[in-house]
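Participant: Next come a sequence and a model predicted from it.
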Amino acid sequence: MQDTCNIELDRNSTVRQYLKDRAKDNDTKSGNGDGQTTTESPVQNLEDTVIDEIRKHSCLNNCSDHGNCVNGACSCDNGYGASDCSIDMAFPPRIEGLLDDGFCDEINIPCSYLYVFGEVFVGKEVICRLLEFQIDTSSKKTFELQHTFVEGIADSLIEAVCDLRQLKSQKRENDQVFVRGYQVSMSNDGEHYSTEHMEFYLFDSTCQIYFKDGKGIRFALREGFCFIEQSCFANGTVDKSEKRYCDTGLSNYSWTNIPTTTTKATTTSNAPITSTIAIDNSLAMETTNTLTDLNIGLISATTFAFIISIILAIILCRCARRKENPWKKLRSNKEKEEDSDAIEAKVNANMFSNPVYNEMHD
């Protein structure tokens with residue numbers, strides 16, 4: 001308004017003359033006994049004086065009768081705010097939405113600020129009331145028992161910003177927590193809060209994804225990743241101690257011991273976070289696979305040798321039979337014939353010496 005008055009005074013001589021005349025009429029004058037009048041003080045810096053008077057007594061909507069106009073600005077009574085003191089601070093703002101629908105991805109930078117949209121936000125002492133909740137790996141949501149209050153500021157009547165940086169020091173490491181979030185409500189005076197609230201989620205899209213179904217907002221782990229101690233690790237990543245690594249085949253939410261023998265690896269969740277040395281999972285079982293291959297080879301070779309030895313024995317036996325002495329066989333047959341002739345001669349002799357035989361033939 002002051003700028004408008006200055007522009008009008010500079011370009012409009014009629015207005016200037018009118019203000020000068022009014023100022024002269026209002027000059028303080030005093031009279032003497034002769035009836036003569038004298039002016040005690042001349043008009044000086046008339047235009048500046050008029051502008052100052054306008055500025056002192058011209059405030060938007062006359063401060064809505066809830067404050068005083070001081071140098072062109074309203075000084076509101078307690079419990080009232082806005083530039084014209086028209087807003088009752090006890091009436092809480094209405095929340096209509098959050099930036100990015102309340103999903104804050106921490107893949108690159110932490111989520112340090114929460115942007116709230118609604119009406120009406122007033123002043124530089126907006127209070128954000130947050131109720132923390134935690135979502136575990138089974139999508140179960142658990143709320144904390146107490147609210148946390150953080151300072152905010154009204155960027156405009158329809159937007160406020162909450163400072164979340166002070167919450168980082170309160171972050172608790174819990175292996176069961178998959179996603180954290182806050183239930184948000186707002187206040188202009190720190191006493192009266194909005195009845196409606198919005199939910200704000202912090203996640204890391206490196207290994208976490210979210211979707212909506214009949215049960216509401218749900219989060220899941222990307223394939224090929226582990227989520228350990230509130231951080232994402234690709235399959236095969238070794239931890240800081242270089243004794244454990246992420247093995248999605250055994251556990252997605254705890255470290256796996258790097259095997260030093262041929263025994264099966266075991267899992268643990270008490271290891272420090274994170275170095276980014278990648279290994280091939282197959283190397284962990286290389287010794288076991290090698291020994292297994294050797295055992296199979298030895299068994300196969302032994303079986304093959306045994307079969308060959310049996311075949312050779314059969315062949316040798318057959319060859320030995322074929323090489324038997326033929327003269328020995330002939331001699332054996334001749335002996336059999338001689339034995340047969342002798343037996344026949346002996347039978348005939350007995351017959352001829354038998355009286356019964358002789359009588360029959362006589």
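Facilitator: Right, received. Where do you want to start?

Participant: For the closest residue to residue 99 other than its chain neighbours, give the beta-bridge partners.
Facilitator: Of all residues not flanking residue 99 in the chain, residue 115 sits nearest, at 3.8 Å (C-beta to C-beta, 6 or more residues apart in numbering). From N, CA and C alone the C-beta is placed, and that goes for glycine too. Beta bridges link residue 115 to residue 161, judged by DSSP bridges.

Participant: Identify the residues contacting residue 115.
Facilitator: By C-beta atoms under 8 Å, 6 or more residues apart in numbering, the contact set of residue 115 is 98-99, 159-162.

Participant: Generate the PyMOL command that creates a selection of the buried members of these.
Facilitator: PyMOL command restricting these to the buried ones, with burial defined by 16 or more other C-beta atoms under 10 Å:
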select buried, resi 98+160+161+162
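
Participant: which of the contacts of residue 115 lies closest to residue 217?
Facilitator: Nearest to residue 217, judged by C-beta to C-beta, of those is residue 98 at 13.0 Å.

Participant: Go ahead and confirm the closest one touches residue 184.
Facilitator: Yes. The pair residue 98 and residue 184 qualifies as a contact (C-beta atoms under 8 Å) at a distance of 7.0 Å.

Participant: any common contacting residues for the two?
Facilitator: Common neighbours of residue 98 and residue 184 are listed as 114, 116, 198, 200 (criterion: C-beta under 8 Å, 6+ apart).

Participant: So which of these is surrounded by the most neighbours?
Facilitator: residue 116 (28 neighbours; other C-beta atoms under 10 Å).

Participant: For it, give its distance to residue 165.
Facilitator: With distances taken as C-beta to C-beta, to the nearest Å, residue 116 is found 16 Å from residue 165.

Participant: List the buried residues in stretch 108-125.
Facilitator: For stretch 108-125, the buried set under the neighbour-count rule, 16+ other C-beta under 10 Å, comprises 111, 114-118, 120-123.

Participant: got these as a markdown table, with pLDDT columns?
Facilitator: Formatted as a markdown table, the buried residues of stretch 108-125 follow (pLDDT from 0 to 100):
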| residue | pLDDT |
| --- | --- |
| 111 | 91 |
| 114 | 94 |
| 115 | 96 |
| 116 | 96 |
| 117 | 96 |
| 118 | 95 |
| 120 | 91 |
| 121 | 93 |
| 122 | 88 |
| 123 | 77 |
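
Participant: for these, which one is nearest residue 242?
Facilitator: residue 111 (31.5 Å).

Participant: Skipping its backbone neighbours, what lies nearest that closest one in space?
Facilitator: residue 104 (3.8 Å).

Participant: okay, now the one you found: neighbour count?
Facilitator: 20.

Participant: Show me what whatever helix or strand it lives in is packed against.
Facilitator: Residue 104 belongs to strand 103-105 when assigned by DSSP states H and E. Applying 3 or more C-beta pairs under 8 Å, 6 or more residues apart in numbering; DSSP states H and E, we find strand 103-105 packed against strand 198-203.
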